[in-house]
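Undergrad: Return a 3D structure for these sequence lines:
(one chain, ligands or ions: 2)
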Amino acid sequence: MGMFKDMLSSGESLFKNEIALDFNFVPKLLPYRERQQHYIANCIKPLFMDRNGKNLLIHGSPGIGKTAAIKWIFRDLEEETDDVIHIYINCWKRNTTFKIYAAICEELGYKFTQNKKSDELLKVITTMLNKKQGVVIAFDEIDKAEDYDFLYSLLEEIYKKTILLITNYKLWINDLDERIKSRMIPELLEFQQYSRNETEGILKERIKYAFIPGVFEDDALRLIVDKTAEIKDIRSGIYMLREAGLAAEDASSREIKAEHSNAALLKLNDFSIENSDSLDANIKQILDIIKEKEKIKIGDLYNIYTEKGGNMPYRTFARRIKKLEQSKFVILEKIVGGPDGSTTIVKYNDATKKLTDF
Ligand SMILES: Nc1ncnc2c1ncn2[C@@H]1O[C@H](COP(=O)(O)OP(=O)(O)O)[C@@H](O)[C@H]1O
Ligand SMILES: [Mg+2]
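TA: Ligands and ions are numbered 1, 2, ... in the order given. This is a model prediction of the structure:
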């Protein structure tokens, strides 16, 4: 059975700790984000002195450590104190006031949320939270929430708090109700995209956590760093590290080599772009229009689509466009208060174009 001769013996793996490549993994250190971490910590600090905290709007493009920084701060907070509590809510998963209240109740260990109305849950929450020295609540992906009543109510009802809002779109704040804005008065904190050097530093560090020392060859790493620096999304980089490791294991190689990274780069297409052929005809047609125009207002795009015989209702259409954004086919840019009011510009994703050409 020569076939098995060179295989890694069973149980042997190139991975030391594959969990370190999970998207939810929070590394011990978060290099290049020290300034931002301090900034966030400073907004929370007054709570330790029995004063009110500061609110903060954190913004920056996807995959550059916004969520990681929050989780990092929260872990630190947990080690330091029981008096100032922290709650993390992802508004993509919990996108209405009711769902958000239910999630906060859950975090607080209050289980009797069934058959209760929003108002009743709010009462439970404020009663519990106002007994604490202070509360930090992070609403991640805040732009995905469908209504913002919860924000108004929590700002009004909770005495000592820091509210952290995290979004990919800075301009989202302009759309916010004046009543909320004037209560929130947030500071702004931008996360900038990482440079190539920083990208390399982060991925190298992650390799140390995740792989057996010495198995990741320099050439293999370089390919992944280059691609990650190009698309400016560390999440994709971490995904490629894992895929390269798996490709090497599949080939029973004891090192991760350039060829395995190349396989991972190809996989990235499946990950972020899915396969264009697998898109249904409707979506393909829409994507073709965007490709041709390069950038277009979502309303105009919908008009062209219906002129060409498309019959999806607008809401479904808008949802599909969101999906195209998630899978990185397009980039969405919200324009707030432009000459034609607020709208979304849909842009063809050039990085994707390069990836599909690969
Ligand atoms: N400075 C950093 N050091 C180590 N890992 C990082 C750093 N910045 C981002 N990451 C990792 O990159 C991935 C994407 O980061 P994340 O915080 O989820 O991005 P987003 O800005 O979209 O919230 C996560 O797995 C995170 O751990
Ligand atoms: Mg995030």
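
Undergrad: drop to CA atoms for contacts and neighbour counts, all remaining ones
TA: Noted.

Undergrad: the domain parsing of this protein - what is it?
TA: 2-18+194-273, 34-190, 276-357 (automatic domain parsing).

Undergrad: how long is the second one from one end to the other?
TA: Looking at domain 34-190, the gap from its leading to its trailing residue is 13 Å under the measure Cα to Cα, to the nearest Å.

Undergrad: Report the rounded mean pLDDT for that domain.
TA: For domain 34-190, mean pLDDT is 94.

Undergrad: so where do the strands sit in the stretch 51-200 of the chain?
TA: With DSSP state E, counting those that start in this stretch as the criterion, the stretch 51-200 of the chain has strands at 56-59, 84-90, 134-140, 161-167, 187-190.

Undergrad: quick one, phi/psi of the closest residue to residue 132 other than its chain neighbours?
TA: Leaving aside its chain neighbours, residue 132 sits nearest to residue 83 (6.1 Å; criterion: Cα to Cα, 6 or more residues apart in numbering). Residue 83 has phi and psi values of phi -80, psi -40 when expressed as degrees, to the nearest 10.

Undergrad: Quick check: residue 83 touching residue 133?
TA: Yes: counting by Cα atoms under 8 Å, residue 133 is a contact partner of residue 83 at 5.5 Å.

Undergrad: Check the gap between the residue nearest to residue 132 and ligand 1 for me.
TA: 26 Å (Cα to the nearest ligand atom, to the nearest Å).

Undergrad: for that residue, what are its contacts?
TA: 132, 133, 134 (Cα atoms under 8 Å, 6 or more residues apart in numbering).

Undergrad: re earlier: could you export the domains of the chain to a markdown table, including columns for distance to residue 27?
TA: Listed next are those as a markdown table, based on distance: least, Cα to Cα, whole Å:
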| stretch | distance to residue 27 |
| --- | --- |
| domain 2-18+194-273 | 8 |
| domain 34-190 | 8 |
| domain 276-357 | 25 |
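
Undergrad: Packing partners of the helix or strand hosting residue 320?
TA: Following DSSP states H and E, one finds residue 320 within helix 314-326. If you count contacts as 3 or more Cα pairs under 8 Å, 6 or more residues apart in numbering; DSSP states H and E, helix 314-326 packs onto helix 298-307, strand 330-338.

Undergrad: Quick check: residue 92 vs residue 146, distance?
TA: Residue 92 is 9 Å from residue 146, by Cα to Cα.

Undergrad: Run a quick neighbour tally on the closest residue to residue 159 other than its chain neighbours.
TA: Once flanking residues are discounted, residue 159 sits nearest to residue 130: 6.3 Å by Cα to Cα, 6+ apart. Applying other Cα atoms under 10 Å, we find 15 residues neighbouring residue 130.

Undergrad: Just to check, residue 130 is in contact with residue 154?
TA: No: with contacts counted by Cα under 8 Å, residue 130 stays clear of residue 154, the gap being 10.9 Å.

Undergrad: burial count for residue 284?
TA: Other residues close to residue 284 by other Cα under 10 Å number 14.

Undergrad: what helix or strand does it sit in?
TA: Here residue 284 is assigned to helix 281-293, by DSSP H and E.

Undergrad: hey, C-alpha coordinates of that helix in PDB?
TA: What follows is helix 281-293, C-alpha atoms only, in PDB (Å, rounded to 0.1, in the frame of the first residue of the first chain):
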ATOM      1  CA  ALA A 281     -30.200  33.700 -12.900                       C
ATOM      2  CA  ASN A 282     -31.900  36.700 -11.400                       C
ATOM      3  CA  ILE A 283     -28.900  37.700  -9.300                       C
ATOM      4  CA  LYS A 284     -26.600  37.200 -12.100                       C
ATOM      5  CA  GLN A 285     -28.600  39.500 -14.200                       C
ATOM      6  CA  ILE A 286     -28.500  42.200 -11.500                       C
ATOM      7  CA  LEU A 287     -24.800  41.700 -11.000                       C
ATOM      8  CA  ASP A 288     -24.200  42.100 -14.800                       C
ATOM      9  CA  ILE A 289     -25.900  45.500 -14.600                       C
ATOM     10  CA  ILE A 290     -23.800  46.600 -11.700                       C
ATOM     11  CA  LYS A 291     -20.700  45.300 -13.500                       C
ATOM     12  CA  GLU A 292     -21.500  47.400 -16.500                       C
ATOM     13  CA  LYS A 293     -22.300  50.500 -14.600                       C
END
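
Undergrad: ok, now which ones touch residue 229?
TA: Contacts of residue 229 by Cα under 8 Å, 6+ apart are 194, 195, 196, 199.

Undergrad: how about the residues of the stretch 1-150 of the chain near ligand 1?
TA: Neighbours of ligand 1 within the stretch 1-150 of the chain, by Cα under 6 Å from any ligand atom: 23, 25-26, 30-33, 62-68.

Undergrad: repeat that for 8 Å
TA: 21-27, 29-33, 60-70 (Cα under 8 Å from any ligand atom).
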